[in-house]
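Enquirer: Structure for this input, please:
(2 chains)
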Amino acid sequence: MPAILQYAYMQRALLVGLLLSVIVACLGTVMVHKRLSLIGDALSHSSLAGVAIGLLGGFNPILGAMGVCIVAAFSIEAIRKKLGNHSELAVAIVMSTGIGLAGVLSGFVRSSADFNSFLFGSIVAISGFEARLVLILAVIVLVAFVLLYKELFYISFDEQAASISGVPVGVVNAIFTILTAVTVSIAARTVGALIISSLLVVPVAAAMSIARSYKTTVLWAIFVSAVSTIGGLVMSFYLGLKPGGTIVLISVVFFLLFRFLGFLRGRSMSSKGA
Amino acid sequence: MPAGCRRFLSAVLSAALFAGTAGILGGCRKGFGKDAEGKVKVVATIYPMYDFVKRIGGDLVACSMMVPAGTEPHSWEPSTRDMMMLEEADLFVYNGAGIEAWAGDLLETTQNKKLVAVEASKDVDLLRTSEVHFDGDGYEEEHEEGSSEEGHHHHGEYDPHVWLSPKNAEKEMTAIADALISIDGEHADTYRKNLEEEKKACEELDSAFRESLKPYAGKYIVVAHEAYGYLCRDYGLIQIGIEGVSADQEPDAARMRSIIDMVDKYGIKSIFFEELVDPKVANTIASETGCKSVALSPLDGMSQKDIDAGRDYFSVMKDNLDAIVSSFS
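Expert: Below you'll find the predicted structure:
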């Protein structure tokens, strides 16, 4: 057995990392098509306010983070619909609100230690409880994604047309808003906000550079996300690099590579056409 | 964008932390208040300095602790409220050696002409951070030669946690006593008498450490961050830090592995965590290796609860000693 698999913390990091990278790629495809690429940043920052509320209110800060994330995600949806052409402002407004709230509330948390331990996750230090939480989450997200695949497909192309052809757009959007919020709030505490907010976007952007259909976009996004996560962990284990940053940078390399491949293919196609 | 966001976030968070702290503590911390009249007004930066000042000054001083209880001093910064305290103060006591990165700016900014500033660690033989860091690679030769890896990427040149050795605590209290005598010569005898008592207590603590740890010279302790360099130097132990000298670095997978391997190799039975550092990593290593995780306090961020419970430098140091000794037996 290779050394990397002999340590329980690495087994856990690889398993949890793989599960999260798959579901985050699925959710990311939905969010990017809805032009909400920065939702991961907005939600992970807003979830800090939830942690503070949990600590101040004396209940589990992860529940607080989930609650605030869900409210923030629905606020983004609501504001987005009102703003029409400027729908990207919704993410910025909710993120600012979340950060402001977190800032004010954190002033009332007496012990910075409590706060820190819920703010930052580390992929090489995942507890058994967190691993179980991610496992349950992954099953729910994957089942929802597979069952609602066709509906998501329609919505991604044209919400209005989907609505006319009988897709329950409101319900499907609500389900994925909740799933994204819950995933970000748990994953930010488990593997860190950096990994989660980047993997929601970069693998999807890479996939869109070469994929020709919705389905292949999803599959390529999962591929990039999973390979970046495993690759980042392997490099961290053997080369002593920080895991989070390494995972994100590998996914960016995939993006550049896929852009280049897409560019080559586009050129060969246009030269054939000419 | 994300980087910008994060910078913005940290700015807002810290601004709000100051505001919040000022708001909460405003009630009990409006300047030095009436009680301070006729006393030497002292601003001490972190808990060990605060405790030392109170030991030497007793009722003759009014001492305010600048970094709030339960706060990691590495990442804290002073607010305008703290500047106002400094304007009123007679004496500013800071540990130095880099733990209060903001101390220099404070002293340059203050308008207070009569303020005396004392760097309590000025007479301590400082350890370089490179001498404190103990890495997994080639550790045996390093240990036998008595040297450690050079040029590791730590911020700050010296290990600032000087007070964790009783001998250094004695030196720091001497520096504080000298400063108090220079300001308030009238009560010089009291300060000298207090200093003598504290010196005796430090010597007792030192010999307790020396005797209890004598059988364990050359043994290893795994700690949350490398704060115990002076303690290890004085009593012949070797610390393996999950994080570096400053407690803000997330470990990478390779560092985790080398710590786990060392724990197995040296038969280490306890992993020491500290209250102000996220225990996640320590717990992960403990469960991986079947160790206990045990609290060890570097004292710099003593919580209000502990202070109210009457715990102080000496009681915490004795608890630390007990924890270390029982980790070996």
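Enquirer: Where does chain A get nearest to chain B, which residue?
Expert: Of all residues in chain A, residue A:107 sits closest to chain B, at 1.6 Å by CB to the nearest CB. For the C-beta atoms, the positions are set from N, CA and C on the backbone; glycine is no exception.
Enquirer: State the distance from that residue to residue A:100.
Expert: Residue A:107 sits 12 Å away from residue A:100, going by CB to CB, to the nearest Å.
Enquirer: Now the residue of chain A closest to chain B: phi and psi?
Expert: Note on residue A:107: its backbone torsions stand at phi -60, psi -20 [degrees, to the nearest 10].
Enquirer: Equivalent analysis for residue B:239, please.
Expert: phi -100, psi 140.
Enquirer: So which bits of the stretch 151-274 of chain A are right by chain B?
Expert: Counting by CB under 8 Å from any CB of the partner chain, the stretch 151-274 of chain A comes close to chain B at A:194, A:197-198, A:233, A:236-244.
Enquirer: run the last query once more with 6 Å
Expert: For the stretch 151-274 of chain A, the residues in contact with chain B (CB under 6 Å from any CB of the partner chain) are A:236-237, A:240-243.
Enquirer: Dump these to CSV, plus secondary structure.
Expert: Output for these, formatted as CSV (DSSP: H, G, I helix; E, B strand; the rest coil):
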residue, secondary structure
A:236, helix
A:237, helix
A:240, coil
A:241, coil
A:242, coil
A:243, helix
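Enquirer: which one among these gets closest to residue B:80?
Expert: Ranked by distance to residue B:80 (CB to CB), these are led by residue A:242 at 35.1 Å.
Enquirer: doesn't residue B:252 make contact with the closest one?
Expert: Yes: Residue A:242 is within contact range of residue B:252, at 5.2 Å (criterion: CB atoms under 6 Å).
Enquirer: Could you pull out the buried residues of the strand or helix carrying residue A:150?
Expert: Element membership for residue A:150 (DSSP states H and E) is helix A:149-157. For helix A:149-157, a neighbour-count test (16 or more other CB atoms under 10 Å in any protein chain shown) marks A:151-156 as buried.
Enquirer: Between residue A:107 and residue A:100, tell me which one has more neighbours.
Expert: Using other CB atoms under 10 Å in any protein chain shown, the more surrounded residue of residue A:107 and residue A:100 is residue A:107, with 21 against 16.
Enquirer: And that one, what's its pLDDT?
Expert: With respect to pLDDT, residue A:107 scores 75.
Enquirer: what about residue A:169, how many neighbours?
Expert: The tally of other residues near residue A:169 (other CB under 10 Å) stands at 17.
Enquirer: which residue sits closest to it, ignoring its sequence neighbours?
Expert: Among residues not flanking residue A:169 along the chain, residue A:163 sits closest, at 4.7 Å (CB to CB, 6 or more residues apart in numbering or on different chains).
Enquirer: Distance check, the spatially closest residue to residue A:172 that is not a sequence neighbour against residue A:161.
Expert: Sequence neighbours aside, residue A:151 is the residue nearest to residue A:172 in space, at 4.8 Å (criterion: CB to CB, 6+ apart). Going from residue A:151 to residue A:161 by CB to CB gives 12 Å.
Enquirer: Can you name the next helix or strand after the one helix or strand in chain B whose mean pLDDT sits lowest?
Expert: Ranking every helix and strand in chain B by mean pLDDT, DSSP states H and E puts helix B:139-145 at the bottom, with a mean of 36. Sequence-wise, the next helix or strand downstream of helix B:139-145 (DSSP H and E) is helix B:166-183.
Enquirer: Report the mean confidence score over that following helix.
Expert: Mean predicted lDDT for helix B:166-183 stands at 96.
Enquirer: Kindly export it (C-alpha atoms) in PDB.
Expert: Provided in PDB are the C-alpha atoms of helix B:166-183 (Å, rounded to 0.1, in the frame of the first residue of the first chain):
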ATOM      1  CA  PRO B 166      10.800  30.700  35.000                       C
ATOM      2  CA  LYS B 167      14.400  32.100  34.700                       C
ATOM      3  CA  ASN B 168      13.300  34.500  32.000                       C
ATOM      4  CA  ALA B 169      10.200  35.500  34.000                       C
ATOM      5  CA  GLU B 170      12.600  36.500  36.700                       C
ATOM      6  CA  LYS B 171      14.500  38.700  34.300                       C
ATOM      7  CA  GLU B 172      11.300  40.300  32.900                       C
ATOM      8  CA  MET B 173      10.100  41.100  36.400                       C
ATOM      9  CA  THR B 174      13.400  42.600  37.200                       C
ATOM     10  CA  ALA B 175      13.100  44.900  34.200                       C
ATOM     11  CA  ILE B 176       9.600  45.900  35.200                       C
ATOM     12  CA  ALA B 177      10.700  46.600  38.800                       C
ATOM     13  CA  ASP B 178      13.600  48.800  37.600                       C
ATOM     14  CA  ALA B 179      11.100  50.800  35.500                       C
ATOM     15  CA  LEU B 180       8.700  51.200  38.400                       C
ATOM     16  CA  ILE B 181      11.500  52.300  40.700                       C
ATOM     17  CA  SER B 182      12.600  54.900  38.100                       C
ATOM     18  CA  ILE B 183       9.000  56.300  37.900                       C
END
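Enquirer: centre of the chain versus it, how much separation?
Expert: In terms of CA atoms, centre = their mean, to the nearest Å, the centre of helix B:166-183 is found 16 Å from the chain centre.
Enquirer: do stretch B:47-59 as well
Expert: Distance of stretch B:47-59 from the chain centroid (CA atoms, centre = their mean) equals 15 Å.
Enquirer: do stretch A:141-161 as well
Expert: Taking the mean of its C-alpha atoms, stretch A:141-161 sits 17 Å from the chain's own mean (CA atoms, centre = their mean).
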